[in-house]
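# what would the 3D arrangement of this be:
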Amino acid sequence: MNLNNNYLSIDIGSTFTNCVFIGNQLNFNSSRVDDDKTRINPQKISFCKRLTTVKDSHSGVIQGLNGLAQSLDIDVSYLLQQVNNIVLNSSLVEEGPTKTQKKRPPFFTTLAESLSTLGYKHKITSATQPKGSNGEADSNSVNNEFHRYGFLAAIVTAIAKGYSTILCLDIGGKNTDLSLIQLDSTQEKSSLKNVVAHSKVQTLSVPLGGHSIIKSNNEKSQLELSSGSHSTHPICYGLGEKIPTLTDALLLMGLLSPALTFGDGSFNLRLHGLAGTFQKLLTAPADREPQEIAKLCFNTAKAKLTDKMHELINSNQIDRNELTLIACGGNGPLFAAELAHSLGIKRIFIPNHSAAFSAIGAVIANQSNADYSSEYLSAERLGTKYSDTKFTDTKFIDTKQHASATQQRLVNFGNGYTEINIYKGAELHPGQAIQGPALIEGIYTSIAIPAAWHSVVDNTGSYELTPNE
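Residues are numbered from 1 along each chain as shown. The predicted model follows:
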């Protein structure tokens, strides 16, 4: 077995640590596991999310790797034997000693030592330090100016679906990354590397995410959102924080549910105390309900993102009828339809692995001098159907079978509370249609479908949202 064909990506964000395994098959010993567990489905990526441990980030990585191995029914040490390169995407790779731990070694070294104790003896590559063909740093490498790589996974998805112009919306904990991508489909392209080379990519980072802090002005009559930090977490995570964030507002609005488990079941969101905290944010006018204040937070964030997306689209003179919004990150699918409606975008695509786009893109970026068209990095590996030599349009299984809701609850999409249908993403099947207003709750992200929109599940478990005719 060629270990170079197996990839392990670790993406440490401000909220979660994503551990992603991309590979054709694991070299299992049949005496160790059942025969039906000896192969990873080639149309799936295995990944695990764990809450990022700010004070000891490498332990969050180890927890994520253990969770990933558990999901594959193997030992973590055995998992690490299947790869000879781990791609790390994190701003912490250059982190030195902290004020409280003056003798702490850099993060990269600490992680290497932790992995060594699990039997990993190969290299760890930083995705933020691209290498050219000569092995030296390459200033012209496609990934040199990007610290988040969701746009590369978005390009693969666009190729698979036959989209020529896409806007990738990646809402993380601290920032929102916007990537406007125009593919040149007039040329024959033998590899993804060539596709990237012929694409026009423009990115814009907005200091707004799930960890954005909510504050009021001096008169307590208006709300302000400011960027959070790696050490800031929402109150609802139950980690002792006192300052409300955008994620807390989403929970109060019902867009997130305390019944859901996050980080592969590592914790639940907590409503306790949120109402009182939001009640104190605004006192003028008096007697505002905390849910109304949460709605103002949501609309403030939506307005800020809408303005930035307008700016990006208009500056490039993009025809919005030809534009597809690809939503990823933990909160991207929650905001996507509301943003698309404001922008006049008629199609949204949410890939089945959207929550791990940055980690997947980091693997692609690390292979910037390789042939991206290999089966291990093709769009088929990302859960879509893709021809490596030409652009194709994978049609949805459009049987319009209406899915059955698992429950109903009051949810506010920014325009007041409505009792809507709630669907479990794991229970949906290709061809099923979901009419808004509705929420699809997945393991790693939730998808909001307003009343004027509907969604259809495709044959890979991804979602396409379009306005009602």
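# from here on, contacts and neighbour counts on C-alpha atoms
Will do.
# any chance you could map the strands in the stretch 1-150 of the chain?
Along the stretch 1-150 of the chain, the stretches classed as strands by DSSP state E, counting those that start in this stretch are 7-12, 16-22, 46-51, 85-89, 123-126.
# for Leu65, find the nearest of those strands.
Within these, the stretch nearest Leu65 is strand 16-22; the backing value is 6.2 Å (Cα to Cα).
# check which helices and strands the closest one sits against.
strand 7-12, strand 46-51, helix 57-71, helix 357-366 (3 or more Cα pairs under 8 Å, 6 or more residues apart in numbering; DSSP states H and E).
# what's in contact with that strand?
6-12, 45-52, 60-61, 64-65, 68, 263, 356, 359-360, 376, 381 (Cα atoms under 8 Å, 6 or more residues apart in numbering).
# go through that strand and flag the buried ones.
For strand 16-22, the neighbour count (16 or more other Cα atoms under 10 Å) marks Phe16, Thr17, Asn18, Cys19, Val20, Phe21, Ile22 as buried.
# out of these, flag the one nearest to Ser90.
Thr17 (9.5 Å).
# for that closest one, give the beta-bridge partners.
Following DSSP bridges, Thr17 is listed with bridge partners Ile12, Arg50.
# what about it, distance to Ile166?
Distance of Thr17 to Ile166, computed by Cα to Cα, to the nearest Å: 26 Å.
# next: Ile440.
Distance from Ile440 to Ile166, by Cα to Cα: 23 Å.
# between the two, which has more neighbouring residues?
Shown here are Ile440 and Ile166; by other Cα atoms under 10 Å, Ile166 has more neighbours (27 against 22).
# what sits against the more buried one?
Counted by Cα under 8 Å, 6+ apart, Ile166 has contacts Ala158, Leu180, Ile181, Gln182, Leu323, Thr324, Leu325, Ile326.
# how about a cut-off of 7 Å?
Counting by Cα atoms under 7 Å, 6 or more residues apart in numbering, Ile166 makes contact with Leu180, Ile181, Gln182, Leu323, Thr324, Leu325, Ile326.
# save the buried residues of strand 16-22 as CSV, and put in distance to Thr460 and pLDDT too.
Shown next, in CSV, are those (distance: Cα to Cα, whole Å; pLDDT from 0 to 100):
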residue, distance to Thr460, pLDDT
Phe16, 24, 80
Thr17, 24, 83
Asn18, 21, 84
Cys19, 21, 85
Val20, 18, 84
Phe21, 18, 83
Ile22, 16, 75
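# adding distance to Asp307, write these out as CSV.
Formatted as CSV, the buried residues of strand 16-22 follow (distance: Cα to Cα, whole Å):
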residue, distance to Asp307
Phe16, 27
Thr17, 30
Asn18, 30
Cys19, 33
Val20, 33
Phe21, 36
Ile22, 36
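# from those residues, pick the one nearest Gln82.
Phe21 (9.9 Å).
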